[in-house]
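*Asks:* Mind looking at a prediction? Sequence and model below.
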2 protein chains.
Amino acid sequence: MSSQPGLRMTQQHRVILEEVRTADSHPAADELYERVRSRLPRLSLGTVYRNLELLCQQGLVQKIELAGSQRRFDGNVQAHYHIRCVRCGLVEDLPIQPPDGLEDAARAATDYEVTGHRLKFFGICPECKHEAHREPPR
Amino acid sequence: MSSQPGLRMTQQHRVILEEVRTADSHPAADELYERVRSRLPRLSLGTVYRNLELLCQQGLVQKIELAGSQRRFDGNVQAHYHIRCVRCGLVEDLPIQPPDGLEDAARAATDYEVTGHRLKFFGICPECKHEAHREPPR
DNA sequence: ATAACTGCAAACGTTTTGCCAGCAT
DNA sequence: ATGCTGGCAAAACGTTTGCAGTTAT
């Protein structure tokens, strides 16, 4: 891997990637920071952000954009959708197929050169359904 | 309108709503701040945020979440999708229908109580297609 | 009198940046 | 020697909050 000119695969780079990939939830930068710090205690938060940005550019990690709250990251770069619990903020993968002809419908409706889409569902996770009353995410 | 107990329709409230609705693009809070300030020069940015929050709660305005950049607001609260230009950041409405059975497919794939979804397309707007090289959004 | 709202400024949390040292090439 | 990278700390950014004064009920 890492074939771009002048790109070094450092320890930090590798460990951060490993941790995004092994995280069960879709971690935010500061959660990742904690996780990686247990392996590289001198790591700085700035480095986490810098490396996540690099990993995204290399297509090894995906940003999950949800403005207003924190950005989250996903080590699974296959096309897939997410569902987010509106109570606790948890984000999970949702293994469903892209609807047929979705982007074609978009192309028919606009002059944009359509390059992709993002589909996110909202709902209440099983745990929150049962724990009736909880603190909202933020 | 405005029938909740203890909710006042102030000048700021009304003008902010008018400006979200008349804005051609989907404005961010600070763009709105500028627009409204040309009509109410002493208005503060805090008031813009507070009123946008109220307007969202009343269902008169919709937040468009795109983390990493700013939050944007939409005076059109009908169900509709958006397309965003990956070069210049412009957000426009996209008048297509929700795919049939989309949320049902999600329900089948998860234990969440699915309450909604958000679908956003990405692409390159006609203007950017022609102006070949431009500054990226941020 | 009470409660809702405003302007202003300070505080907040997240992300980005500048700087200098270290290390791989 | 060069240049990418890291740690650290400061800055920047968008957003929220506390406060004191104002206005409508």
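*Replies:* Perfect, thanks for sending it.
*Asks:* okay, CA-based contacts and neighbour counts for the rest of this
*Replies:* Noted.
*Asks:* for the residue nearest the centre of chain A, helix, strand, or coil?
*Replies:* Here the mean C-alpha position of chain A is nearest to the C-alpha of A:Phe73 (Cα atoms, centre = their mean), at a distance of 2.6 Å. Under the three-state scheme (DSSP: H, G, I helix; E, B strand; the rest coil), A:Phe73 adopts strand.
*Asks:* Get me the contact residues on chain A for chain B.
*Replies:* A:65-71, A:85, A:94-96, A:99, A:102-103, A:105-106, A:109-126, A:129 (Cα under 8 Å from any Cα of the partner chain).
*Asks:* Go through the residues you listed and flag which are in helices.
*Replies:* A:Leu102, A:Glu103, A:Ala105, A:Ala106, A:Ala109, A:Pro126, A:Lys129 (DSSP state H).
*Asks:* farthest pair in those residues?
*Replies:* Distances among those were taken as Cα to Cα; the most separated pair is A:Ala109 and A:Lys129, at 38.1 Å.
*Asks:* hang on, the earlier thing: who wins on neighbours among the ones in helices among the residues of chain A next to chain B?
*Replies:* A:Ala106 (25 neighbours; other Cα atoms under 10 Å in any protein chain shown).
*Asks:* Can you check the pLDDT for that residue?
*Replies:* On the pLDDT scale, A:Ala106 is placed at 93.
*Asks:* do the same with A:Ile96
*Replies:* For A:Ile96, pLDDT reads 90.
*Asks:* quick one, domains of chain A?
*Replies:* A:1-77, A:79-138 (automatic domain parsing).
*Asks:* Any idea which of those gets closest to DNA strand D?
*Replies:* domain A:1-77 (3.2 Å; Cα to the nearest atom of the strand).
*Asks:* as a whole number, average confidence for the closest one?
*Replies:* 84.
*Asks:* same question, stretch A:127-138
*Replies:* On average, stretch A:127-138 scores 59.
*Asks:* contact partners of the top strand by length along chain A?
*Replies:* The longest strand of chain A (DSSP state E) is strand A:113-124. Contacts with strand A:113-124, where a contact means Cα atoms under 8 Å, 6 or more residues apart in numbering or on different chains, come from A:81-87, A:103, A:106-107, B:103, B:106, B:112-126, B:129.
*Asks:* CA atoms only: put that strand into PDB for me.
*Replies:* What follows is strand A:113-124, C-alpha atoms only, in PDB (Å, rounded to 0.1, in the frame of the first residue of the first chain):
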ATOM      1  CA  GLU A 113     -23.000  15.900 -12.800                       C
ATOM      2  CA  VAL A 114     -24.200  13.500 -10.000                       C
ATOM      3  CA  THR A 115     -21.300  11.700  -8.400                       C
ATOM      4  CA  GLY A 116     -22.800  10.000  -5.400                       C
ATOM      5  CA  HIS A 117     -25.200  10.100  -2.600                       C
ATOM      6  CA  ARG A 118     -25.500   9.600   1.100                       C
ATOM      7  CA  LEU A 119     -28.500   8.000   2.700                       C
ATOM      8  CA  LYS A 120     -28.900   8.000   6.500                       C
ATOM      9  CA  PHE A 121     -31.800   6.700   8.500                       C
ATOM     10  CA  PHE A 122     -33.000   8.000  11.800                       C
ATOM     11  CA  GLY A 123     -34.700   6.000  14.500                       C
ATOM     12  CA  ILE A 124     -34.600   4.800  18.000                       C
END
